[in-house]
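A.B. asks: I would like the atomic coordinates for the input below:
(chains A, B, C and D)
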There are 2 protein chains.
Amino acid sequence: MADDLFKALADPTRRTILDELAQKSGQTLFEICARLSMKHQLGISRQGVSQHLAVLEAAGLVETRREGRYKFHDLNTGPLRQIADRWLAPHPSGPEENTP
Amino acid sequence: MADDLFKALADPTRRTILDELAQKSGQTLFEICARLSMKHQLGISRQGVSQHLAVLEAAGLVETRREGRYKFHDLNTGPLRQIADRWLAPHPSGPEENTP
DNA sequence: AGAATAGGCAAGCAATCACTTGCCTATCAA
DNA sequence: TTGATAGGCAAGTGATTGCTTGCCTATTCT
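C.D. replies: Just a heads-up that it's a prediction; the model follows:
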């Protein structure tokens, strides 16, 4: 649960995607591809971006809605709130399982 | 800069180390090893923990002070504040370089 | 119907990561 | 000084990751 969130944020390209979705909601895959290429000089394939979006969606940071052949992506900042709060006050015990 | 921070948080063992340092400041390497083993059943070598601490220190999340043969580790929550704030309001442009 | 558009699935590859093992240095106690 | 304690450095390994290429499905336009 928390693992997916932190791993999703670990990649700089994914963080840039979140930046773009924060700027403009409801972008399609191709629109995100174009923005990464034009504004950030990211030479990445469409599938690369698609896989990044899947990771972000698994982390709950991106939500999608389908309309016809379009799939719109929206940023969800909800999961971000639990991050900083975790280590601000001392906890009785770490709230995470850890068995890799 | 931000890259080190997010990559440091990506590993569950490192997050557990932060949990332990949040509970008790100024722990030594051996003390952290013992806690990971006893409280979290993490069968990890001393060097493994040492390398994790180096990553956390590079991210600015852990600060160290040497006294004699002991090296004490302290949690620094400062870098955590910039995380959640990044995507809460729409930015004019993403504040990160992205050239891997 | 046919072609273009938007997206998905899966195998393959190079780079990175977490972790271990082995040896070495520095500080303190006997 | 000898030995024990606390920590550091470096090479090696197996697994994960980011990305590409190739092909396939679904929806829309002419």
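A.B. asks: Quick one: name whatever helix or strand follows the host helix or strand of residue A:6.
C.D. replies: Using DSSP states H and E, the element containing residue A:6 is helix A:2-9. Using DSSP H and E, the next helix or strand after helix A:2-9 towards the C-terminus is helix A:12-23.
A.B. asks: Between helix B:2-9 and that following helix, find me the angle.
C.D. replies: 110 degrees (axes from the mean of the first three to the mean of the last three Cα atoms, to 10 degrees).
A.B. asks: now check helix A:12-23, is it near chain B?
C.D. replies: Yes - against chain B, helix A:12-23 shows contacts by Cβ under 8 Å from any Cβ of the partner chain at A:12-13, A:15-16, A:18-20, A:22-23. Any C-beta I mention is one placed from the backbone N, CA and C, and that applies to glycine too.
A.B. asks: which residue ranges form the strands in chain A?
C.D. replies: Counting by DSSP state E, the segments of chain A that form strands are A:62-67, A:70-75.
A.B. asks: And the contacts of the last one?
C.D. replies: Applying Cβ atoms under 8 Å, 6 or more residues apart in numbering or on different chains, the contact partners of strand A:70-75 are A:18, A:21-22, A:25-29, A:32, A:53, A:61-66, B:87.
A.B. asks: just the buried members of the residues you listed?
C.D. replies: Neighbour counting by 16 or more other Cβ atoms under 10 Å in any protein chain shown classes A:18, A:21-22, A:27, A:29, A:32, A:53, A:61-62, B:87 among those as buried.
A.B. asks: Now tabulate the strands of chain A in CSV and tack on distance to DNA strand D and mean pLDDT.
C.D. replies: CSV is the format used below for the strands of chain A (distance: least, Cβ to the nearest atom of the strand, whole Å; pLDDT from 0 to 100):
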stretch, distance to DNA strand D, mean pLDDT
strand A:62-67, 7, 97
strand A:70-75, 7, 98
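A.B. asks: I'd like those strands laid out as JSON lines, including distance to DNA strand C.
C.D. replies: Shown next, in JSON lines, are the strands of chain A (distance: least, Cβ to the nearest atom of the strand, whole Å):
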{"stretch": "strand A:62-67", "distance to DNA strand C": "7"}
{"stretch": "strand A:70-75", "distance to DNA strand C": "4"}
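A.B. asks: Tell me which of those sits nearest to residue B:49.
C.D. replies: Minimum separation from residue B:49 across these (Cβ to Cβ) falls at strand A:62-67, 33.9 Å.
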